[in-house]
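Asker: Pasted the sequence and its predicted model underneath.
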Amino acid sequence: MTGGAGYVGSVSAEALLAAGHETVVLDDLTTGHRGAVPPGATLHVGTYTNRDALARLLEVERVEAILHCAARSLVGESIVDPARYYNENVAGGVALLDAARAAGVQRVVFSSTAAVYGVPDTTPIPEDAPLRPINPYGESKRAFESALGWYGRAYGLRSVSLRYFNVAGASAASGEAHDPETHLIPNVLAAAEGRRELTVFGDDYATPDGTCIRDYIHVSDLADAHIRAIDATAADDPRTAEPLVCNLGSGGGFSVREIIAAAESTVGRTIPFEIGPRRVGDPPVLVASSARAAEVLGWRSERPSLDQMVGSAWAWRQSHPDGYPD
């Protein structure tokens, strides 16, 4: 798998090992952590963007399926430096597919994003909603999904793309440790620790409490979806006779104020914050429909509550106050 030293990747690597899969991790460690790679997984430090080196690795390790979790993923950075996103997420992604072809690997699961939808017309968002990304990050993911589809039609590649908005929570061993941190829940918890100031961007949206509502998925539920998607790419599985796309979510979404309240309940104290202006391009509600994932993959969120997501994230922070050793 690519990106197995990152947040989502490390928890997915844990789940793969627990399910009995031999797991090979490829990560360049620019944003990942060597200490996040679970015991039992084989780590190779390198990049998926090098086609020839990756093809050799796939052959030497006799890889049967690829879980692609590595990507540049900061929306603001993608707007300032789109070249980096097209080079790594798009051109690098095509290099990965060509390496897979060269090594005879016909199964790819792509950890994608609901950012491919942009600002949707309806919510919950179905998979057949128009793809209108509003930043280079979302566009780069859309482009790679498109490549997966065409490689499948031309070369027989079997693939599943999983689209989701926000990942939260932690396993006992692996949690969120980004620098910079752009995600709401870890920033709320950092504010609870007194490590940073917290700003809520707008409280006058057309939602019950005036703050934006977003879809969240527990990282361990995402790991489960990854495993189910890998199983669906088997050569005789009719679910991936055509490229499969599934949304993932917890069912209804949570507002910013609800997340802060859940964090206050978890940590047992008030978390200070200030109200700032709205951010340009922030819709009031973004929630994805997970009906197809339930029907086709048999996947449902097993940890849908904020208490489970925030509670596990807080527990991990308390047991790893300095993040990972490296």
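Answerer: Happy to help now that I have it.

Asker: Mind checking what secondary structure residue 234 has?
Answerer: For residue 234, the assignment made with DSSP: H, G, I helix; E, B strand; the rest coil gives coil.

Asker: which residues touch it?
Answerer: Contacts of residue 234 were listed using Cβ atoms under 8 Å, 6 or more residues apart in numbering, and they are 107, 158, 240. Heads up, the C-betas are built off the backbone N, CA and C, glycines and all.

Asker: redo that, cut-off 10 Å
Answerer: Each residue near residue 234 by Cβ atoms under 10 Å, 6 or more residues apart in numbering is listed here: 64, 65, 106, 107, 158, 240.

Asker: same question, residue 38
Answerer: Under the criterion of Cβ under 10 Å, 6+ apart, the neighbours of residue 38 are 4-5, 10-18, 23, 25, 171, 173-174.

Asker: element containing it, please.
Answerer: Residue 38 is located outside every helix and strand, with elements delineated by DSSP states H and E.

Asker: wait, doesn't residue 209 sit right on residue 256?
Answerer: Yes - checked against Cβ atoms under 10 Å, the pair residue 209 and residue 256 is within contact range at 8.2 Å.

Asker: Neighbour count: these two, which is higher?
Answerer: When residue 209 is set against residue 256 and neighbours are counted by other Cβ atoms under 10 Å, the residue ahead is residue 256, at 23 against 13.

Asker: follow-up on the earlier one: go through the contacts of residue 38 and flag which are in helices.
Answerer: Counting by DSSP state H, the members of those that fall within helices are 10, 11, 12, 13, 14, 15, 16, 17, 18.

Asker: The last one touches residue 227, doesn't it?
Answerer: Yes - at 9.2 Å, residue 18 and residue 227 qualify as touching, with contact defined as Cβ under 10 Å.

Asker: between those two, who's got more neighbours?
Answerer: A side-by-side neighbour count of residue 18 and residue 227, using other Cβ under 10 Å, places residue 227 first with 19 against 13.

Asker: My reading is that residue 224 lies in a helix. Confirm?
Answerer: Yes - secondary structure of residue 224, determined by three-state DSSP: located in a helix.

Asker: burial count for it?
Answerer: Here the number of neighbours of residue 224 (other Cβ under 10 Å) works out to 22.

Asker: So what's the model's average confidence on stretch 70-77?
Answerer: Mean per-residue pLDDT for stretch 70-77: 91.

Asker: How about stretch 226-236?
Answerer: Averaging pLDDT along stretch 226-236 yields 98.

Asker: now do stretch 123-142
Answerer: Model confidence over stretch 123-142 averages 96 on the pLDDT scale.
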